[in-house]
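# Sequence and predicted structure below; questions after.
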Amino acid sequence: MPFDNVKLNDGRIIPGIGFGTWKIPRDVAGDQTQQAIEVGFDHIDTAQVYANEEEAGRGLRDSGLKREKVWVTTKWSGVGDKGVRESCLESLQKLGLDYVDLYLIHHPRLCKGDIEGTWAQFELLKKEGLVKSIGVSNFTVDDLKTLLKTAKIKPVVNQILLHPYVVTQQTPLLEFMQEHDIVPEGYSSLIPLTSKPGGPVDKPVQEIADKYKVAPEQVLLAWSRAKGAIVITTSSRKDRLERYLAAGDIKLTDEQVEAIDKAGAKGERDDKRKQKVVGIAKYGMLAALGGWAVLKLVL
Ligand SMILES: NC(=O)c1ccc[n+]([C@@H]2O[C@H](COP(=O)([O-])OP(=O)(O)OC[C@H]3O[C@@H](n4cnc5c(N)ncnc54)[C@H](O)[C@@H]3O)[C@@H](O)[C@H]2O)c1
Ligand SMILES: OCCc1c[nH]c2ccccc12
């Protein structure tokens, strides 16, 4: 069973797991998108800056799935200083679509200090019917507060970094979004496996995986879902894609979520301590070098 669908604040229904196309080379992006759809994904997440919208669109068409049966998200990434509407039209043309389901501001810094004005342009795109829903990505609480001050339409989602090693730093943002009915879309859920293996999260994740006879990556996706997020993930491997979808069946208990949170928070503290030590060492070296230079001048 795949992940449950999620109802957005504009009344539309989004599939709870999406296949992302970041870093997929153009020569294989079409086939990988088609493979994801054939395995059962009905939600594709791409972006202007991923430079593979054309191929993702081809994969979509080659899958034979009807347009209305697949959710397509793309993002305005401010490539080449094009305006928002021009970028959107170009993305649609590349994807071979006459609308996308969801259009996101890829990062607040792309708004160059004018979040309100950029969002107003997104609202116009929705009114024009070029995009069905509008949202944001990588927005902090302060960025969302700025946007909400003048927004006529609320963002439906905020696509954010979400994995156990950022749980402490992201919790206030998740709480703010819940208060305002903005759904989190979590990316890089598998960081504990892909870039931080051997960390404190491994133990509780493996224990849960053993108990349920599932793979660790499935537990991490279930954790992200338990945090209320739509999961955005990816793989070139069919077996992994199948496992991701099957993770929709895993419902973690509050105690299991807490055990992963606790281990994640420990990892966050350990990282901060390491960064502090590196900072002090750098400062010490600079001070020693300065002292040596002064001595050379004086002597
Ligand atoms: N909005 C943004 O700024 C932003 C940023 C990053 C990603 N994204 C989106 O999210 C998507 C997924 O991002 P991601 O790649 O960081 O996600 P992810 O954390 O889901 O990692 C996916 C990778 O994990 C690998 N993997 C799966 N199981 C594994 C295992 N057991 N051991 C080791 N590796 C394993 C996969 O093969 C794949 O390469 C992107 O394609 C993009 O669409 C958006
Ligand atoms: O979405 C993946 C991360 C990423 C790649 N290029 C970008 C440009 C702006 C914001 C995020 C990204």
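Nice, thanks for sending it over. Ligands and ions are numbered 1, 2, ... in the order given.
# any weak-confidence spans in this structure?
1, 278-281, 283-284, 287-288, 291-295, 297-299 (pLDDT under 70).
# Okay, strands next: where are they in it?
6-7, 13-14, 17-20, 43-45, 71-76, 100-105, 131-137, 157-161, 183-187, 230-233 (DSSP state E).
# To what extent is Glu255 buried, counted in neighbours?
8 (other Cβ atoms under 10 Å). Glycine gets a C-beta too; all of them are placed from N, C-alpha and C.
# for ligand 1, what are the nearby residues on the stretch 101-250 of the chain?
For the stretch 101-250 of the chain, the residues found near ligand 1 under the criterion Cβ under 6 Å from any ligand atom are 137-138, 159, 187-191, 193-194, 216-217, 232-235, 237, 240.
# Which of those are buried? Put it as a PyMOL command.
The PyMOL command for the buried members of these (criterion: 16 or more other Cβ atoms under 10 Å) is given here:
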select buried, resi 137+138+159+187+188+189+190+191+193+216+217+232+233+234+235+240
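# Among the residues of the stretch 101-250 of the chain next to ligand 1, which lie within helices?
Judged by DSSP state H, helices contain the following of these: 191, 193-194, 216-217, 240.
# Pipe those residues into a markdown table and attach distance to ligand 2 per row.
Shown next, in a markdown table, are these (distance: Cβ to the nearest ligand atom, whole Å):
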| residue | distance to ligand 2 |
| --- | --- |
| Ile191 | 13 |
| Leu193 | 18 |
| Thr194 | 14 |
| Pro216 | 23 |
| Glu217 | 19 |
| Arg240 | 19 |
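# if I pick the residue in the stretch 1-150 of the chain that ligand 1 sits nearest to, what's in contact with it?
Residue nearest to ligand 1 within the stretch 1-150 of the chain (Cβ to the nearest ligand atom): Gly20, separated by 2.2 Å. Neighbouring residues of Gly20 by Cβ atoms under 8 Å, 6 or more residues apart in numbering: 45-46, 187, 232-234.
# Of those, just say which sits nearest to ligand 2.
Nearest to ligand 2 among these, with distances taken as Cβ to the nearest ligand atom, is Tyr187, at 7.2 Å.
# mind putting the contacts of Gly20 in CSV, distance to Leu125 included?
Below are the contacts of Gly20 laid out as CSV (distance: Cβ to Cβ, whole Å):
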residue, distance to Leu125
Asp45, 18
Thr46, 17
Tyr187, 23
Ile232, 21
Thr233, 27
Thr234, 26
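# From those, pick the one nearest Lys276.
Tyr187 (27.5 Å; Cβ to Cβ).
# separation between the closest one and Ala47?
11 Å (Cβ to Cβ, to the nearest Å).
# Minimum distance to ligand 2, which residue of the stretch 1-150 of the chain gives it?
His107 (3.7 Å).
# Could you measure from Ala151 over to Asp42?
The gap separating Ala151 from Asp42 is 29 Å, by Cβ to Cβ.
# actually Asp261, sorry about that
In terms of Cβ to Cβ, Asp261 sits 30 Å off from Asp42.
# So is stretch 64-77 next to ligand 1?
No - using Cβ under 6 Å from any ligand atom, we find that stretch 64-77 stays clear of ligand 1, coming within 6.6 Å at best.
# Of all the residues in that stretch, which ones are buried?
70-77.
# Among these, which ones lie close to ligand 2?
Within the buried residues of stretch 64-77, those near ligand 2 by Cβ under 6 Å from any ligand atom are Ser77.
# Out of the buried residues of stretch 64-77, flag the one nearest to Lys227.
Distances from Lys227 to these, taken by Cβ to Cβ, are shortest for Thr73, at 19.4 Å.
# wait, isn't Thr168 in contact with Gly267?
No - Thr168 is beyond contact range of Gly267, at 9.7 Å (criterion: Cβ atoms under 8 Å).
# okay, these two: which has more neighbours?
Gly267 (22 against 16).
# mind checking how far the more buried one is from Leu221?
Gly267 is 18 Å from Leu221, by Cβ to Cβ.
# Using CSV, write out every CA atom in stretch 160-177.
The C-alpha trace of stretch 160-177 is given here as CSV (Å, rounded to 0.1, in the frame of the first residue of the first chain):
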residue,chain,number,x,y,z
ILE,A,160,12.0,21.4,3.7
LEU,A,161,15.0,19.4,4.9
LEU,A,162,13.6,16.8,7.2
HIS,A,163,15.5,13.9,8.8
PRO,A,164,16.2,12.9,12.4
TYR,A,165,19.5,14.9,12.6
VAL,A,166,17.7,18.2,12.1
VAL,A,167,14.7,17.4,14.3
THR,A,168,15.5,19.9,17.0
GLN,A,169,16.1,22.8,14.6
GLN,A,170,13.0,22.0,12.4
THR,A,171,10.5,21.4,15.2
PRO,A,172,9.5,25.1,15.7
LEU,A,173,9.1,25.4,11.9
LEU,A,174,6.9,22.3,11.8
GLU,A,175,4.8,23.6,14.7
PHE,A,176,4.3,27.0,13.0
MET,A,177,3.3,25.3,9.8
